[in-house]
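> Quick one, fold the following:
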Amino acid sequence: MTSIRLVTEIPGPRSRELAAEGQQRLPRAIAPSDPIFAASGKGAVLEDVDGNCFIDLTAGVGCLAVGHSHPKVLEAMRAQAERFVHTDFSAVAYEAYLQLAEGISRACGGGRRVAFFNSGAEAVENAVKIARAATGHPGIVCFDGAFHGRTLLAMTLTSREVPIKKGFGPFAPEVFRIPYPNLKGATTKSSMRALEDVIASESIAAVIVEPVLGEGGFVVPPPDFLPALAARCRAVGVILIADEIQTGYGRTGTFLACEQSAVEPDLVLVGKSIAAGLPLSAVVGNPSVIDAPEPHALGGTYVGNPVACAAGLAVLEVLKEERLMERATQIGDLLRERWQSIAGRFGGIREVRGLGSMVGVEFNDPDVLAGLIESARSRGVLALTAGAEDNVLRHLVPLVITDAQLEEALSVFETCLSEPTVA
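Have a look, this model is predicted:
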């Protein structure tokens, strides 16, 4: 599989059959955005159960920086599974956990300690526990537009009401939300002013921030924001937590997006692409902070599963060997240049923005974008939206995508926008 191949209508008959089964077997809250069912994937291409091949710009919602079914990752997973699949590290330890912890520590600048969990939301929840243990304070500051997960505390930190939070309250206490710069007219100055107000009136343990908003619309803050935030947190003894679950692992052109602002957070959260789609996340921290909880205070039955850790080690090797962080910058340059050209010919595009390959295209009308997504799917391209109004086309492309595949996908978008039914 190297490119688009359509052999039946989309969704095809087998996908429709499976969707009908899903309606009978699953709660309505479990609702895939694409009406197709995957059969196999390779690199940047996904094949469905009806034999249609798609260029996949969703990459498992950002989990597949090294693409679908990378041979090196599969080999590592297979080798570990043949030795043993599970013990629970808190019961019987194993070397792969230590090896991956060391690899991630080095990638984050060295001298860090690493605790593994299953999901991004778990990493968020545990980072808050660590910050509270380290400071003795309860309050957590988060930002407009944030997405930090769907468990209770993570959902509280998440900004979007519908469909994430509606009907699920009451939420966790001691959470305070402030403006995110470049969103809704906020600036670094207004954001820092709001932070000062919260710090002056509340007992704050930590500030949690995405270096680039993910679900919030791929909003990039001004260059002075993260350094100012880090300096203020340091000055008042507040823990800075960088949620790099979507921005990390090379997506923005560096291993962590914070590197581009010369900021070293107290705690960093990574996930998504960490193990090429296997459930794994991590909290990476300075020893003085991450060592605050007592022995056995952190953990979980499946956290740091050995097969996932083996996959994680392979992912780090692939990132380095295939120079995928450099590739992310190249992809981002191609995306921005092409979308700016498209925007000049078609009305309705408000802004093209992003960092590295994490590029968002904001449309004036969310219905136009919804039509574009549907039309592109019918021509063999899968994509996702973001933003509070679902009016941002977000690119979470596998970093192994070829120039030819990327060009083919962008040509599909351009063709779709020329149709009266879309534009």
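> all helices for the stretch 151-300 of the chain, in order.
For the stretch 151-300 of the chain, the helices defined by DSSP state H, counting those that start in this stretch cover 152-157, 188-201, 225-236, 287-290.
> Just name the most buried of these.
Comparing these by mean neighbour count (mean count of other C-beta atoms under 10 Å), helix 152-157 ranks first with a mean of 22. C-beta here means a position set from N, CA and C on the backbone, and glycine is covered the same way.
> For the stretch 251-400 of the chain, give me the ranges with low pLDDT.
Across the stretch 251-400 of the chain, nothing is flagged by pLDDT under 70.
> re earlier: between the helices of the stretch 151-300 of the chain, which gets nearest to L278?
helix 152-157 (19.9 Å; C-beta to C-beta).
> Put the alpha carbons of the closest one into PDB.
C-alpha atoms of helix 152-157 as PDB (Å, rounded to 0.1, in the frame of the first residue of the first chain):
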ATOM      1  CA  LEU A 152     -12.600  13.100  36.200                       C
ATOM      2  CA  LEU A 153      -9.800  15.400  37.100                       C
ATOM      3  CA  ALA A 154      -8.400  15.400  33.500                       C
ATOM      4  CA  MET A 155     -11.900  16.200  32.200                       C
ATOM      5  CA  THR A 156     -12.200  19.000  34.700                       C
ATOM      6  CA  LEU A 157      -9.000  20.400  33.300                       C
END
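> Quick one: list the elements packing against it.
Counting contacts by 3 or more C-beta pairs under 8 Å, 6 or more residues apart in numbering; DSSP states H and E, helix 152-157 is packed against helix 120-135, strand 175-178.
> got a list of contacts for that helix?
Helix 152-157 has contacts (C-beta atoms under 8 Å, 6 or more residues apart in numbering) with 120-121, 124-125, 128, 140, 142, 146, 148-149, 164-165, 168, 171-172, 175, 208.
> And stretch 168-181, by the same measure?
138-146, 152-153, 155-157, 159, 165, 186-188, 190-191, 194-195, 198, 202, 204, 213, 216, 219, 221-222, 225.
> Give the buried residues for stretch 378-398.
For stretch 378-398, the neighbour count (16 or more other C-beta atoms under 10 Å) marks 379-388, 390-398 as buried.
> Equivalent analysis for stretch 413-421, please.
F413, C416, L417.
> any chance of the residues you listed in a markdown table, with pLDDT, distance to E351 and secondary structure too?
A markdown table is the format used below for the buried residues of stretch 413-421 (pLDDT from 0 to 100; distance: C-beta to C-beta, whole Å; DSSP: H, G, I helix; E, B strand; the rest coil):
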| residue | pLDDT | distance to E351 | secondary structure |
| --- | --- | --- | --- |
| F413 | 97 | 16 | helix |
| C416 | 96 | 19 | helix |
| L417 | 95 | 16 | helix |
